[in-house]
Each structure stands twice: as structure tokens, then as C-alpha cells.
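Visitor: 3D, please:
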Amino acid sequence: MRALTFSRFGDPSVLEVRTVPAPAAAPGVAVIQTHAIGLNFADVYRRQGRYHLVGEPPWIAGYEAAGEIAMLDPRDGAWRLGQRVAFADAPLANAELVAVPVDQLIPLPDDVSCELAAALLLQGLTADYLVHDSYAIRSGDRVVVHGAAGGVGLLLVQLAHARGAEVIALASSESKRAAASRAGASHTADSTGDWVAAVEAATTSGADVIYDSVGTTVLDSLRATRTGGTVVFYGMAGGTPPPVDPRLLMDRSLRLIGGDLWNVLRTADDRRARAMRLFDEVRAGRLVVTIAERFPLDRGADAHRAIEGRGRIGKLLLIP
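Guide: Predicted structure coming up:
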């Protein structure tokens, strides 16, 4: 089978499509033929050597895709060959065939396409736990979203807006801020300017919660949060965050929460219930999934350049 691989860490030029051995089905493990693969910043971190990887070189990144069951152990009778499924937390996804534990499979309803699932699930499940688990957004909360026009950001803006929050969206360009406004943001600010002052002007006393996926901005996020407020740190798109002095938290009764999807998807039932909640939001029109661009697997390096360039609005997909 063909897979997008890298044998050393570096810039997108280290990526190459190679023919590698195909996985095999086993009891409790199905082989999925992928139709659409979600590209995420975590895949960039893996290529750079900054995030956990599975196996030995040549490495295959990716944790999210959708397709159909191509191989199945006969003892896994709850599933069937050809069934459309998706997954958001199984490694080696940047390939034509992926071995996935059946407990991690999410069956796709007839009205959910493979592209929609691959564009929604990992980032959508992330946005879902951010607004329900990391900080339970309530109506009237003042919520700041970093990277508001990115894959998670656009979904997070919409989910926060649907829960009655006043959303302040941070983005680096006018077109991205416009996209965040269309998604439900009440205010926008230029993330390359003095966005802390903009948040203070929009909230008077500071934000109730700031969702920080940039990393290097954590200290500024704490500064822009009200006394007793919360910063949820869940990504490092801008680099490794600086150390935080606990006195800073104590002096203003601030909360700094870490968030990682792998700690939330604990059981098969939980995974599927959360996914179905997202599909319901899409059906109700409260959640619109934006696919920025589709790249053939052979152009995986171009896709990595695109996501690092931050010029796209929405999700990037790899198409095998």
C-alpha cells in the first residue's frame, strides 16, 4: 500500500509517499480503506519531532480518517465488510489502509460523508470537550478563541456561540476575522496586534475563559483573563509555551487547564456518543464544517506547507 512517510525530522521536504507493507486484520482490529484523511497540527509536530510517534522510521503520521472496512476478523461480527466508518485516534492514518481497533471506530450515518467525517471528527471532538469538559461554557460567558479561523477554532466559535457565549475571536487577517464573525463571534481582534487590549476593551474586566492553541501566548492569555478566570491550553501552533509562575495563578485566583483529546476518549460508547452529538449539531445547522482544500496523498508535503502557512480557512484533507 502507499503511505505518506518521513524517515527524519524536518520541514515538509522530508515527506515522501512510499510503498509499505499493508496491515492485517486481527481479532478486535479492522483494516480501513481510507477515502479521506484529516490533516492536523499534531501531524506537523510529529514531522518536526515535537510530538509522540508510533513505530520506527519510515514513520507514518496521522490519527484521523474515514473510509470503509476492507478487512475484518470473522469474530468481530458487530461490523461488516464495506461498512463506512471513521476514526479520530488511531495512528498511521496517512495511508491507503489503516489498522484500527474496532472499539475506536465510529460508524457513519448515511447522511455523513467520509469527507465531512474526516474534516470534523478530531477537531470537532476537541472543540466538544473544550466547551463541555475543560470549561463548561454558560450563556453570557465572555469567551476568547485563539486561531479562530483554524480547524478547531471555527468549530469552537460556533459551539460557544450556540451555548450563548459572547465570543471574541483572534485571527491574523481580515478574511479570517470575517470567517470568525460569520461563525458567530461577537467581536474580533488582530492576533498580530495588541489583542490583549482589544479583549479588555470588549470585556471591561477580562475574559471568563480563553482557549489558547498557540502556546507562546499563554502568559498574555492569563493577563487578558478576569480575576478568577480560566485559560485552557490545548495546542502549540506557535511554539512551546513559556514557564508559568504559580504565583501568577495564586495572586489572581486564575485557573490554567491543560487539554488533550486522548484523555477524553476513554470508551467506545463515549467516543461514539460525542461523535453523534457533533453530527446532530451539523444536522441542526449550528455547526458548519469548512473544508479549505483537498490534497492528493502524493502532495502531502504541499498540504503541510499549507497548514504551516496559516493562509487557509478551515480543514485540510489528504485524499488517497
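Visitor: Who are the packing partners of the helix or strand of the chain with the lowest mean pLDDT?
Guide: Least confident element among the helices and strands of the chain, by mean pLDDT, DSSP states H and E: helix 41-48 (a mean of 91). Helix 41-48 sits against helix 300-309, with contacts defined as 3 or more C-beta pairs under 8 Å, 6 or more residues apart in numbering; DSSP states H and E. (Glycine included, C-beta is placed from N, CA and C.)
Visitor: give the contact list for the residue most central in space within the chain.
Guide: Against the mean C-alpha coordinate of the chain, by C-alpha atoms, centre = their mean, the closest residue is Gln123 at 2.8 Å. Taking C-beta atoms under 8 Å, 6 or more residues apart in numbering as the definition of contact, the neighbours of Gln123 are Gly38, Asn40, Gly151, Val152, Leu155, Lys315.
Visitor: what inclination does whatever helix or strand it lives in have with respect to helix 41-48?
Guide: Using DSSP states H and E, the secondary-structure element containing Gln123 is helix 114-129. With axes from the mean of the first three to the mean of the last three C-alpha atoms, to 10 degrees applied, the angle from helix 114-129 to helix 41-48 works out at 100 degrees.
Visitor: any idea of the mean pLDDT for helix 114-129?
Guide: Summarised as a single mean, pLDDT over helix 114-129 is 96.
Visitor: C-terminal to it, what's the next element?
Guide: Following the chain from helix 114-129 toward its C-terminal end, the next helix or strand by DSSP H and E is strand 142-145.
Visitor: hmm, who's touching that following strand?
Guide: Strand 142-145 is contacted by residues 137, 153, 156-157, 160, 165-170, 180, 185, 199, 202-203, 206-211, 221, 224, 226 when judged by C-beta under 8 Å, 6+ apart.
Visitor: What is the distance between the helix or strand that it is followed by and the centre of its chain?
Guide: Once the chain leaves strand 142-145, the next helix or strand it forms, by DSSP H and E, is helix 151-162. A distance of 11 Å separates the centroid of the chain from that of helix 151-162, by C-alpha atoms, centre = their mean, to the nearest Å.
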